[in-house]
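Colleague: after the sequence you'll find the predicted model.
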Amino acid sequence: VKGSARRKLGQRNFMEQVRECRDNGYLLSSRKIGSGAFSKVYLACATCERMQHAKLASDPRGKHHAMVRWIISTAEAPVEFSQKFLPREISSLNATYKHLNVVQLYETYQNSQRSYLVLELAARGDLLEHINWVSERRCSPGLDEEEARRLFWQLVSAVAHCRSSGIVHRDLKCENTLLDDRGLLKLTYFGFASHWGLKSSLPSTFCGSVAYTAPEILMSKYNGEQADLWSLGIILYAMVTGKLPFKEHQTHRMLHLMHHGPIFRLGMSPECRDLIRGLLQLRPCARLGLQQLAAHCWMLPATHALSGTTLRMPPGRVGALGRGCGQVAGPSAPLLIPHCCQLRRSQLSLSTRSPAETRSLRGGAPGTASGPPPGPQRPTQEVQALPSWGSGARGQPAWG
Ligand SMILES: Nc1ncnc2c1ncn2[C@@H]1O[C@H](COP(=O)(O)OP(=O)(O)OP(=O)(O)O)[C@@H](O)[C@H]1O
């Protein structure tokens, strides 16, 4: 009886959401893409009238038909979530709008019960799923360096764009980078992001997931920008090895591992090792800066492989010169960023795992799914090489 009452309530809520969406110009599909602790993500499309909305009409990809609708039951969410993280997410996505590698937020609206976010659809799961799936298919952990370079380049480009928009992400990890149906990487989840100039440059809260967290944050000496560079190093290592470089639950053991540096597998190119080492420097000021990272010799083939637009780095954000084999561009030198990536299909047989399977990969956190995501069926047995072993579903923060 309890179960059927809950089902009825669920149906009534869903019908309310359908109505609220229609009133706001969106048709909600019954297909749930996934759910979080306080959210449900559904596929939706805009009505013709809604399509005239400025942001939808100027979608950089011109792909208007598919988008996700993130519905957050504000009534059920804790105050901290609805008053702190959600507004942060929205303002960061607004600030970083119009970059090919950052998830686009088209619109938001809310009532007393719910907040609705209309987001660009990234239909192919996250980077973690992709790495695990490719590893399984290749029977060898990690992506090949060419593919890793192409994806990493897009991530660096997204991070550089965020910086030039005044946003420091502070929770960079494989699970927070999604892939769309063209295999383009989309940075998302800005709930822990900080804006330059709003407060002091040192964030006061510990954000993110331990496995991707920089040592200075574990030691309570914060600097969001340089910590993001550490996380980029962890992500690159994860891409090319299919593993996390440092895996310990206790902070002091984690710091001990970090102190010894990452262990590289045979076969990894010296350039790639050099880049990872440059990012995984214990001292934040010794870490490669974004400009140096983008100009590093391991990254350079990506600039040839991708047709590009130019991106100027924010002034005064250039790190120390001359690390490793990276060639340092001048402070105002434009960086090539991917404009339209010519990615090979064979390299982009991305995840079509259902959210339920995704959850099991992420450590069995709660989440439901109704219906598989689009694309060909994939084996359900996944390599669990890269558990998201931080502190929660998608690495809920370990609050200090
Ligand atoms: N723009 C998007 N395109 C496609 N799928 C998305 C998009 N945004 C979120 N999702 C998927 O929807 C699911 C739920 O995401 P959501 O952000 O609501 O919760 P979560 O962050 O995964 O969980 P929690 O909030 O509990 O940490 C995830 O599996 C995520 O991959």
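Modeller: Looks like it arrived, so ask away.

Colleague: just the closest residue of this protein to the ligand, please.
Modeller: In the chain, the residue that lies nearest the ligand is residue 36 (2.2 Å; CB to the nearest ligand atom). To be clear about C-beta, it is placed using only N, CA and C from the backbone, and glycine gets the same treatment.

Colleague: so which bits of the stretch 101-250 of the chain are right by the ligand?
Modeller: By the rule CB under 6 Å from any ligand atom, the part of the stretch 101-250 of the chain lying against the ligand is 103, 119-122, 126, 178, 188.

Colleague: hmm, 8 Å instead?
Modeller: 103, 119-123, 125-126, 175, 178, 180, 186, 188-189 (CB under 8 Å from any ligand atom).

Colleague: rebuild the residues you listed as JSON lines, extending it with secondary structure.
Modeller: Shown next, in JSON lines, are these (DSSP: H, G, I helix; E, B strand; the rest coil):
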{"residue": "103", "secondary structure": "coil"}
{"residue": "119", "secondary structure": "strand"}
{"residue": "120", "secondary structure": "strand"}
{"residue": "121", "secondary structure": "coil"}
{"residue": "122", "secondary structure": "coil"}
{"residue": "123", "secondary structure": "coil"}
{"residue": "125", "secondary structure": "coil"}
{"residue": "126", "secondary structure": "strand"}
{"residue": "175", "secondary structure": "helix"}
{"residue": "178", "secondary structure": "strand"}
{"residue": "180", "secondary structure": "coil"}
{"residue": "186", "secondary structure": "strand"}
{"residue": "188", "secondary structure": "coil"}
{"residue": "189", "secondary structure": "coil"}
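
Colleague: buried residues of the longest helix along the chain, list them for me.
Modeller: Longest helix in the chain, counting residues (DSSP state H): helix 2-23. For helix 2-23, the neighbour count (16 or more other CB atoms under 10 Å) marks 14, 17-18, 20-21 as buried.

Colleague: downstream of it, the next helix or strand is which one?
Modeller: Beyond helix 2-23 on the C-terminal side, the first helix or strand identified by DSSP states H and E is strand 26-35.

Colleague: now the angle from that next one to helix 2-23?
Modeller: If you take axes from the mean of the first three to the mean of the last three CA atoms, to 10 degrees, strand 26-35 sits at 140 degrees to helix 2-23.

Colleague: show me what counts as buried in strand 26-35.
Modeller: Here strand 26-35 shows 26, 28-29, 32-35 as buried, counting by 16+ other CB under 10 Å.

Colleague: what of stretch 245-257?
Modeller: 245-246, 254.

Colleague: could the residues of the stretch 101-250 of the chain next to the ligand go into TSV alongside neighbour count and distance to residue 232?
Modeller: Converted to TSV, those look like this (neighbours: other CB atoms under 10 Å; distance: CB to CB, whole Å):
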residue	neighbour count	distance to residue 232
103	23	18
119	21	23
120	21	22
121	23	25
122	21	19
123	19	25
125	26	20
126	27	16
175	24	15
178	25	17
180	20	20
186	25	16
188	22	16
189	23	15
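
Colleague: and the angle for the helix or strand harbouring residue 41 with helix 2-23?
Modeller: Per DSSP H and E, residue 41 falls inside strand 39-46. Calculated by the same axes, to 10 degrees, strand 39-46 forms an angle of 40 degrees with helix 2-23.

Colleague: by contact count, what packs against strand 39-46?
Modeller: Packing partners of strand 39-46 (3 or more CB pairs under 8 Å, 6 or more residues apart in numbering; DSSP states H and E): strand 26-35, strand 67-73.

Colleague: of the ones you listed, which is nearest residue 110?
Modeller: strand 67-73 (8.4 Å; CB to CB).

Colleague: I'd like the next helix or strand past the closest one.
Modeller: Using DSSP H and E, the first helix or strand after strand 67-73 is helix 79-80.

Colleague: name the next helix or strand downstream of that next one, please.
Modeller: helix 86-95.

Colleague: elements contacting that following helix?
Modeller: strand 105-110, strand 114-120, strand 194-195.

Colleague: contacting residues around the first one?
Modeller: What that stands for is strand 105-110. 24, 53, 55-56, 59, 67, 74, 90, 93-94, 97, 115-120 (CB atoms under 8 Å, 6 or more residues apart in numbering).

Colleague: please redo it, this time with the cut-off set to 6 Å
Modeller: Strand 105-110 has contacts (CB atoms under 6 Å, 6 or more residues apart in numbering) with 24, 55-56, 90, 93, 116-119.

Colleague: most widely separated two among these?
Modeller: Between all members of the contacts of strand 105-110, the farthest pair (by CB to CB) comes out as 24 and 93, at 17.9 Å.
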